[in-house]
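In: give the three-dimensional model of this entry:
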Amino acid sequence: MEPVMAYGLNPTFWANAKTFIKDIRALDATGGSLAMMKIGERPVSRAEIVGHVVEKVTKHNRVIILVDDGSGTLSCTRFLDAKSNNVDLIESVQLGDLVRVHGHLSNYRLQMELKIVKLKVEKDPNVQSLGWLEALLRCTSIYKKPHKLNVDQSEMNIEA
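Out: Just a heads-up that it's a prediction; the model follows:
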């Protein structure tokens, strides 16, 4: 088991984990720390999901879409501010659209959610099948295998 302080050395921690929504909903933010979230044996902080929009709620400072990939549903939130570069895109998303969502994992009111960084409306319906295959491949070949650190754990000690 690698120490939490070494999670940043694991490449899956910084990558968008292509995964199923059921795996995201099963994540446990132990002690409220997002750095403790793992899919299989790998720590994750970001995710990518592909699914259909089944609900859309617009509030004064954010847009929340509920995405269903067939394994479950997940709330995806985009905060609206002057710095947002895809506000128009998220406001144009309609119910039933097939979307690919990249974002940061967070725990809000004891529920996992994705804070949207990038959103793309997909036109090709085969993208959902490809998303399932990519997630399945990564779950079986990458996420279930522990990461081997090349750094001696004695070098990881940080003095305060």
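
In: who touches stretch 129-136?
Out: Lys18, Thr19, Phe20, Asp23, Ile49, Val50, Gly51, Asp69, Gly70, Arg100 (Cβ atoms under 8 Å, 6 or more residues apart in numbering). Where C-beta positions appear, they are placed from N, C-alpha and C, glycine not excepted.

In: among the residues you listed, name the buried ones.
Out: Lys18, Thr19, Phe20, Asp23, Ile49, Val50, Gly51, Asp69, Arg100 (16 or more other Cβ atoms under 10 Å).

In: where strands are concerned, which of these count?
Out: Lys18, Ile49, Val50, Gly51, Arg100 (DSSP state E).

In: and the fourth one, what does it touch?
Out: Taking Cβ under 8 Å, 6+ apart as the criterion, Gly51 is in contact with Ile21, Val67, Asp68, Asp69, Gly70, Leu74, Leu98, Val99, Val101, Gln128, Gly131.

In: closest one of those residues to Lys115?
Out: Taking Cβ to Cβ as the measure, Val101 is the one of these closest to Lys115, at 9.9 Å.

In: before we move on, back to that, adding distance to Ser45 and pLDDT, write the contacts of Gly51 out as a markdown table.
Out: Shown next, in a markdown table, are these (distance: Cβ to Cβ, whole Å; pLDDT from 0 to 100):
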| residue | distance to Ser45 | pLDDT |
| --- | --- | --- |
| Ile21 | 17 | 88 |
| Val67 | 19 | 96 |
| Asp68 | 23 | 95 |
| Asp69 | 20 | 92 |
| Gly70 | 24 | 91 |
| Leu74 | 16 | 93 |
| Leu98 | 25 | 95 |
| Val99 | 21 | 95 |
| Val101 | 15 | 93 |
| Gln128 | 24 | 89 |
| Gly131 | 20 | 85 |
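
In: list the buried ones in the longest helix anywhere in the chain?
Out: Longest helix in the chain by number of residues, with DSSP state H as the criterion: helix 126-138. For helix 126-138, a neighbour-count test (16+ other Cβ under 10 Å) marks Gln128, Gly131, Trp132, Ala135, Arg138 as buried.

In: kindly report the same for stretch 68-78.
Out: Neighbour-count burial for stretch 68-78 [16+ other Cβ under 10 Å]: Asp69, Ser71, Gly72, Thr73, Leu74, Ser75, Cys76, Thr77, Arg78.

In: and for stretch 118-126?
Out: Leu119, Glu122.

In: residues in contact with that stretch?
Out: Under Cβ under 8 Å, 6+ apart, the answer for stretch 118-126 is 50, 76, 78, 86, 89-90, 92-93, 97-103, 128.
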